[in-house]
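In: okay, sequence plus prediction incoming.
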Amino acid sequence: MGHPFDFRTVLFAKHAQHVVLVHFPIALFITGVALDLLSRGQRESQLANAAYLNISTAAAIIIPTGLTGILAWQFALGGEKLKGLLLFHVVAACVSAMLVIVSWWVHWRSRRSRRSALPQLRIPVELLGVALIALTAHLGGFLTGVNS
């Protein structure tokens, strides 16, 4: 086993990049949703601006996170057939990523309109996204052995 501060261990571990990156979109999106709920849909508030920044960053980071997930599947799991828990994790991750991007798009589009309030549709989409992200993370913990 390598030293914890050895850069080769950090950079070349079979799934290290995904395990590190995945925490950023999770934290940013959940924080963004919390700030959005606190803003009560007032698009011009500082809370809404902070929510938009968090959700936008989560949507941007979710793409490399997904790519590192694919690499982890190929390298750490040898590209084994998607079935059972792994299949459920991948499907939940894809739907979660889609909900994060849709949430960002709703915020982005509403900022381009002249309305002062954000659309109410965003709340169930964001809350479903948070729930699916939690499920995806839980399943990922089992796949890595953290939750075993």
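Out: Sure thing, it's come through.
In: hang on, residue 79 packs against residue 70?
Out: No - Residue 79 lies out of contact with residue 70 (C-beta atoms under 8 Å); the separation is 9.6 Å. Where you see a C-beta, it was placed from the backbone N, CA and C, and this is true even at glycine.
In: who's more crowded, these two?
Out: Legend: neighbour count by other C-beta atoms under 10 Å for residue 79 and residue 70, higher for residue 70 (13 against 10).
In: element containing that one, please.
Out: For residue 70, the enclosing helix or strand under DSSP states H and E is helix 46-75.
In: what does residue 34 give?
Out: Taking DSSP H and E as the definition, residue 34 sits inside helix 23-39.
In: again, but for residue 96
Out: helix 84-112.
In: quick one: buried residues of the helix or strand that that helix is followed by?
Out: Per DSSP H and E, helix 84-112 leads on to helix 122-144 as the next helix or strand towards the C-terminus. Neighbour counts over helix 122-144 (16 or more other C-beta atoms under 10 Å) mark 122-123, 125-126, 129-130, 132-133, 135-137, 139-140, 143 as buried.
In: just stretch 61-68 next, same as before
Out: 61, 62, 65, 66, 68.
In: report all helices and strands that the helix holding residue 96 contacts.
Out: The contact analysis (3 or more C-beta pairs under 8 Å, 6 or more residues apart in numbering; DSSP states H and E) places helix 84-112 against helix 23-39, helix 46-75, helix 122-144.
In: can you do 7 Å?
Out: On a contact count with 3 or more C-beta pairs under 7 Å, 6 or more residues apart in numbering; DSSP states H and E, helix 84-112 meets helix 46-75, helix 122-144.
In: need the ones you listed in a markdown table with distance to residue 29, can you?
Out: Listed next are those as a markdown table, based on distance: least, C-beta to C-beta, whole Å:
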| stretch | distance to residue 29 |
| --- | --- |
| helix 46-75 | 4 |
| helix 122-144 | 6 |
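In: out of those helices, which comes closest to residue 88?
Out: The closest of these to residue 88 is helix 122-144. By C-beta to C-beta, the value is 5.9 Å.
In: hmm, who's touching that closest one?
Out: 15, 19, 22, 26, 29-30, 33, 36, 85-86, 88-89, 92-93, 95-96, 99-100, 102-103, 106, 147-148 (C-beta atoms under 7 Å, 6 or more residues apart in numbering).
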